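S.K.: Pasting the sequence and the predicted coordinates here, then a few questions.
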Amino acid sequence: MKIGVLGSGKGSNFRAILTEIEVGRLDVEPVAVFSDVEGAGILELARASGIPAHVIREPRFRTKLSPEVESDVVRRLRHSGVDLVVLAGYMRMVKAPLLEAFPRHLINIHPSLLPAFPGLEAWRQALEAGVEKTGCTVHYVDAGMDTGEIIAQAEVPVLPGDTAASLHARIQVEEHKLYPSVVARFAAGELP
C-alpha cells in the first residue's frame, strides 16, 4: 500500500511510521510527503529517506488551501499512486478536493481523546480543564475540525505536577505507537 503524508512540523509521527517500516512491522511505502511550511522538518526527513518531498504554496489562506491548490495536491498524490493519505501534524483544514478524492482513506492523529479538546494544543486544553486522563485519537478526516469518525484511541493519565510540555511528551509516546498500528490495519485490509 502506498501512502502520502501531509505535515506542517517536525514530522515525529512520520518518523514513527518510517521506523516501523524499517524494522519490518509495517508494510507500506511512503511515496510522497507534502508540507505547507517550506522549512518543515518533515520535508527534511522525507528527503533523507529518499521520499519525494513537496512544498505546498498557498498565498491566499492561512488555515486552509484554496480549491485550486488543494486540487493540485490531489493530482500529485494520485500521480504518485497513493492509496492512503496520512495527516501527520498538518495544521490546515482539509476541504472538498482531498475529501472527495480519498473518501475514508484520509486519516489524522489528534492529541486528545476526541471528541474532547479538538483544535490547537489539546494537551494544554486538557491540563487547563483539570481532567484525569487524556490521550490521542486516530480518526477519519471530514470537513470539520477533528470531528471525523474515530478509528482508535490511546489513553494517557494526567499526572500531578504535569506541565503542558510533560503531558504533550507522554501523549506523543502513545501517538507514535497508535498511528503506525492504524496504518498497518489499512495495509492489512482491516480498514476502512
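M.R.: Alright, I've got the coordinates. Numbers count the residues shown, from 1 in each chain.
S.K.: all helices of the protein, in order?
M.R.: Assigned by DSSP state H, the chain shows helices spanning 12-22, 41-48, 67-79, 96-101, 122-129, 164-187.
S.K.: how about the ones you listed, which one is nearest residue 3?
M.R.: Closest to residue 3 of these, according to C-beta to C-beta: helix 164-187, at 6.9 Å. In this view, the C-beta of every residue, glycine as well, is placed from N, C-alpha and C.
S.K.: just the angle between the closest one and helix 12-22, please?
M.R.: Interaxial angle, helix 164-187 versus helix 12-22 (axes from the mean of the first three to the mean of the last three C-alpha atoms, to 10 degrees): 40 degrees.
S.K.: Using PDB, list the CA coordinates for helix 164-187.
M.R.: Taking Å, rounded to 0.1, in the frame of the first residue of the first chain, the C-alpha atoms of helix 164-187 are listed here in PDB:
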ATOM      1  CA  ALA A 164       1.900  21.200  29.200                       C
ATOM      2  CA  ALA A 165       5.300  20.000  27.900                       C
ATOM      3  CA  SER A 166       5.500  16.900  30.000                       C
ATOM      4  CA  LEU A 167       1.900  15.900  29.200                       C
ATOM      5  CA  HIS A 168       2.400  16.500  25.500                       C
ATOM      6  CA  ALA A 169       5.600  14.400  25.500                       C
ATOM      7  CA  ARG A 170       3.700  11.400  27.100                       C
ATOM      8  CA  ILE A 171       0.900  11.800  24.600                       C
ATOM      9  CA  GLN A 172       3.400  11.700  21.700                       C
ATOM     10  CA  VAL A 173       4.800   8.400  23.000                       C
ATOM     11  CA  GLU A 174       1.400   6.900  22.600                       C
ATOM     12  CA  GLU A 175       0.800   8.600  19.200                       C
ATOM     13  CA  HIS A 176       4.000   7.000  17.900                       C
ATOM     14  CA  LYS A 177       2.600   3.600  18.700                       C
ATOM     15  CA  LEU A 178      -1.000   4.200  17.800                       C
ATOM     16  CA  TYR A 179      -0.600   5.800  14.400                       C
ATOM     17  CA  PRO A 180       1.600   3.100  12.800                       C
ATOM     18  CA  SER A 181      -0.800   0.400  14.200                       C
ATOM     19  CA  VAL A 182      -3.800   2.100  12.500                       C
ATOM     20  CA  VAL A 183      -1.800   2.400   9.200                       C
ATOM     21  CA  ALA A 184      -1.000  -1.300   9.500                       C
ATOM     22  CA  ARG A 185      -4.700  -2.100   9.800                       C
ATOM     23  CA  PHE A 186      -5.300  -0.300   6.500                       C
ATOM     24  CA  ALA A 187      -2.400  -2.100   4.900                       C
END
